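[1] Build me a model:
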Amino acid sequence: MKDKFTVTISDIHGSKHYLLHQLIKKFLLYFTLFVALVILVGSFLILFLFKEVSSLEEKKEVIIQERNVLISQNEELQANIAQKAQEYEDLHEKVSNIEEMVGIKVSEEENIDVRLEDIDIIITQQKTFFDNIPNGDVMAYSEISSKFGWRINPVLKRKEFHTGVDLRANIGTPILAPADGVVRYTEYNKNSGYGNVVSVGHNYGFETYYAHLQNRPAVKEGQFVRKGDLIAYAGNTGMSTGPHLHYEVRFIGRTLDPEPFLHWRGSNFIEIFKKEKRVTWESLIKLINAQYPLPKPPSLLVEPK
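    From the prediction side, this is the model:
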């Protein structure tokens, strides 16, 4: 049975008659096409958004990994900085200790490289002196039992000038050369009461003298020795009241007080130039500086006034 309902649409061009079911069909067709288009576009849009989200997730993972790597590198860098800072502090402390040992007084703010260069120069300067001029302890001793200068002779009981220092030590205690040199003589001295004696000549007019030694000879006349070499053993020979070493330091034949030379170290390097006036330090310093030129003017070897 046919649908008899009609719809009339009039305009300036006239009137048109449409059956109702035709309009419904067209509306449904257009609506269906519109819905299909929306679904299609929506599907593409959803697929695009899913793809974008997936890409963003991948980028996020990459960024997180890079962030973790940067955090790890930063932690490692901070650890290295802390380690280097500690190493610098340790180096700074060691440099300060060395400066104190060699008698350098500098500003803490001075560049560490400059300070190390100064240390190298000062050590070179001091080594030249310490290799050639008697310095430091010559043996392990308990005390200085008799000093340099006028005293009452403990055996003869009369006032005499003591030309050295007496270092109390056990018989057989090793005695070491206080500087490079050559053994001038080894003998038993009857006249002086010194018993067994060894004399070592050093550079620049210095000589050291060892008395009351044990009978065992450690060196021979004419033998060259280096600083720290064994030259004799402490004893109790000659006119002696007990085991000890009589130690003398001489400069061009003149006896000097050995005590400043025994205590001569890098930390008090300059003091001996001021205390021992019988040595012509000015000319000696000039001679050593001429023989061992340094990369820059010496900062410590100032000529004494």
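[2] what's Trp180 in contact with, if anything?
    To be clear, residue 180 is Asp; Trp isn't right here. For Asp180, the residues meeting the contact criterion (C-beta atoms under 8 Å, 6 or more residues apart in numbering) are Asp131, Asn132, His202, Asn203, Phe224, Val225, Arg226, Lys227. Bear in mind the C-beta positions are built from the backbone N, C-alpha and C, glycine included.
[3] So which of these are in strands?
    Filtering the contacts of Asp180 for membership in strands, criterion DSSP state E, returns His202, Phe224, Val225.
[4] ok, so of those, who is nearest Ser192?
    Nearest to Ser192 among the ones in strands among the contacts of Asp180 is His202, at 21.3 Å by C-beta to C-beta.
[5] what phi and what psi does the backbone show at the closest residue to the closest one other than its chain neighbours?
    Setting aside the residues directly before and after it, His202 is nearest to Gly181 in space (C-beta to C-beta, 6 or more residues apart in numbering), at 4.1 Å. Gly181 adopts backbone torsions of phi 180, psi -170, taken as degrees, to the nearest 10.
[6] gap between Gly181 and Asp229?
    To Asp229, Gly181 is 9 Å away according to C-beta to C-beta, to the nearest Å.
[7] again, but for Ala36
    In this view, Ala36 and Asp229 are 110 Å apart by C-beta to C-beta.
[8] Over to Lys26?
    According to C-beta to C-beta, Lys26 and Asp229 sit 125 Å apart.
[9] Tell me which of the two has more neighbours.
    Under the criterion of other C-beta atoms under 10 Å, the comparison of Lys26 against Asp229 puts Asp229 first, with 15 against 11.
[10] doesn't Ile175 make contact with the more buried one?
    No - contact status for Asp229 versus Ile175: not in contact, 10.1 Å apart, counting by C-beta atoms under 8 Å.
[11] Return the set of residues that bridge with Phe161.
    Per DSSP bridges, residues listed as beta-bridge partners of Phe161: Trp150.
[12] and it, how many neighbours does it have?
    A count of nearby residues for Phe161, using other C-beta under 10 Å, gives 10.
[13] Give the full set of residues in contact with it.
    By C-beta under 8 Å, 6+ apart, the contact set of Phe161 is Gly149, Trp150, Arg151.
[14] how about those residues in CSV, adding pLDDT?
    Shown next, in CSV, are the contacts of Phe161 (pLDDT from 0 to 100):
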residue, pLDDT
Gly149, 92
Trp150, 92
Arg151, 85
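[15] Just name the closest of those to Asn268, please.
    Proximity of the contacts of Phe161 to Asn268 was ranked by C-beta to C-beta; the top entry is Gly149 with 21.2 Å.
[16] Give the buried residues for stretch 197-207.
    Of the residues in stretch 197-207, those buried under the neighbour-count criterion (16 or more other C-beta atoms under 10 Å) are Val197, Val198, Ser199, Val200, His202, Tyr204, Phe206, Glu207.
[17] Kindly confirm whether my reading is correct that the second one touches Glu221.
    It stands for Val198. No - at 9.4 Å, Val198 does not count as touching Glu221 under the criterion of C-beta under 8 Å.
[18] Identify the contacts common to the two.
    Between them, Val198 and Glu221 share the contacting residues Val183, Tyr185, Thr186, judged by C-beta under 8 Å, 6+ apart.
[19] which of the residues you listed count as buried?
    Buried members of the shared contacts of Val198 and Glu221, counted by 16+ other C-beta under 10 Å: Val183, Thr186.
[20] and which of the shared contacts of Val198 and Glu221 is nearest Ile122?
    Comparing the shared contacts of Val198 and Glu221 against Ile122 with C-beta to C-beta picks out Val183 as the nearest, at 31.1 Å.
[21] beta partners for the closest one?
    With DSSP bridges as the criterion, Val183 is bridged to Val200.
[22] how much space between it and Glu207?
    Looking at Val183 against Glu207, where the rule is C-beta to C-beta, the gap reads 11 Å.
[23] Report the set of residues contacting both of these two.
    In the contact map built from C-beta under 8 Å, 6+ apart, the residues linked to both Val183 and Glu207 are Ser199, Val200, Gly201.
[24] closest to Glu87 among the residues you listed?
    When those are compared for distance to Glu87 (C-beta to C-beta), Val200 comes out closest, at 44.1 Å.
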